[in-house]
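this one's structure only:
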């Protein structure tokens with residue numbers, strides 16, 4: 001595999017464009033957008049036109065043919081202005097790859113170009129009520145009938161459940177005894193007959209919208225299967241190393257915004273004869289937050305660099321996913337407290353960032369699952385060395 005890289009000038013230009021869009025178009029309405037409880041589709045189309053959704057996809061599919069690292073730069077920049085809008089980029093990259101690599105060419109191009117252009121939202125329908133972190137424990141079934149499959153079952157905790165234009169649905173085409181090898185993936189337009197959706201009243205990420213999706217003998221053409229039958233689980237697992245790094249960058253982008261706002265605040269807020277920036281009790285927690293976020297950022301881009309070189313990066317990815325949401329939440333909480341009673345009001349964005357970031361302590365694998373992955377990989381490495 002040939003490494004994909006950009007020169008420093010191109011990355012700087014890309015980052016500047018993403019930051020400008022984030023600060024000028026996203027940040028001013030970050031809090032107001034929560035009340036909308038849905039995405040502004042015109043805004044997403046503008047993102048797509050600027051190349052800020054799935055830029056690592058090939059140009060033939062609407063991307064820019066850039067590196068994983070460039071994608072991370074964009075994700076962090078967008079999250080700085082609006083954490084929830086950055087979901088569009090993360091899912092665009094994850095599902096853009098899953099679809100482009102596994103769908104038939106005509107179907108793949110139709111959907112992937114629309115994803116990259118901000119014209120379509122596609123959600124991943126994997127989790128089920130009885131599964132949770134045990135994502136291979138699926139009950140949803142896909143039964144073949146001639147040239148179609150009939151999908152029946154319930155998916156829950158689906159981000160974008162109500163707004164999605166299509167779902168990548170994981171269903172069991174084999175028996176329970178087949179485990180993950182009996183799971184297949186299908187691309188299903190959301191307006192297909194037999195699909196109903198409900199919306200949860202969540203603590204945060206309200207414009208993303210999490211909910212349940214019900215499939216009642218939903219008829220899907222066999223050509224909408226992604227890859228071979230029984231290989232669906234491996235398709236999404238291969239993409240999670242990438243999306244989990246982007247999640248880490250989402251979270252630290254939001255945390256960095258709160259840190260920057262708090263540095264400005266403490267140099268203006270006066271008490272005890274001067275600004276409160278004179279007190280170590282105020283500045284030291286911020287310094288610690290800066291160090292934590294900088295460390296996670298460096299590990300994130302190291303993982304993306306490994307991906308660009310075609311090297312394994314599962315451990316690094318799990319570390320980023322384990323630390324990113326947790327430490328970002330803690331840092332934002334510290335920023336809220338350093339604003340005193342004013343920080344506790346909904347006038348400031350810290351409380352919303354805390355609520356939004358908290359969701360990713362659960363999504364795409366909990367802290368405990370990430371620790372399990374790290375331990376598994378390290379133990380396997382010891383076994384290979386011993387052999």
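Perfect, thanks for sending it. Worth saying up front: this structure is predicted, and the values here are computed from it rather than measured.

helices of the stretch 201-350 of the chain, residue ranges please.
Residue ranges of the helices in the stretch 201-350 of the chain, as given by DSSP state H, counting those that start in this stretch, are 232-266, 280-308, 314-338, 340-343, 350-358.

what helices or strands is the fourth one leaning on?
Other elements packing on helix 340-343 under the criterion 3 or more Cβ pairs under 8 Å, 6 or more residues apart in numbering; DSSP states H and E are helix 314-338. In short, each C-beta sits where N, CA and C put it, glycine included.

switch the cut-off to 10 Å
In this structure, helix 340-343 makes packing contacts with helix 232-266, helix 314-338, helix 350-358, judged by 3 or more Cβ pairs under 10 Å, 6 or more residues apart in numbering; DSSP states H and E.

switch the helices of the stretch 201-350 of the chain over to TSV; also include mean neighbour count and mean pLDDT.
Shown next, in TSV, are the helices of the stretch 201-350 of the chain (neighbours: other Cβ atoms under 10 Å; pLDDT from 0 to 100):
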stretch	mean neighbour count	mean pLDDT
helix 232-266	23	92
helix 280-308	18	97
helix 314-338	24	98
helix 340-343	12	94
helix 350-358	24	98
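
make CSV out of those helices and add distance to residue 36.
Putting these into CSV (distance: least, Cβ to Cβ, whole Å) gives the following:
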stretch, distance to residue 36
helix 232-266, 18
helix 280-308, 28
helix 314-338, 22
helix 340-343, 24
helix 350-358, 13
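
quick one: closest of these to residue 379.
Proximity to residue 379, assessed across the helices of the stretch 201-350 of the chain by Cβ to Cβ, is greatest for helix 314-338 (11.4 Å).

for that closest one, packing partners?
Helix 314-338 packs on helix 232-266, helix 280-308, helix 340-343, helix 350-358, helix 367-386, going by 3+ Cβ pairs under 10 Å, 6+ apart.

helices or strands up against the last one?
By that I understand helix 367-386. helix 232-266, helix 314-338.

if we can go back for a sec, so which of the helices of the stretch 201-350 of the chain is nearest residue 147?
Comparing these by Cβ to Cβ, helix 232-266 comes nearest, at 18.9 Å.

roughly how far does the residue nearest to residue 241 when sequence neighbours are not counted sit from residue 374?
Leaving aside its sequence neighbours, residue 241 sits nearest to residue 317 (Cβ to Cβ, 6 or more residues apart in numbering; 4.5 Å). Between residue 317 and residue 374 the distance is 10 Å, computed by Cβ to Cβ, to the nearest Å.
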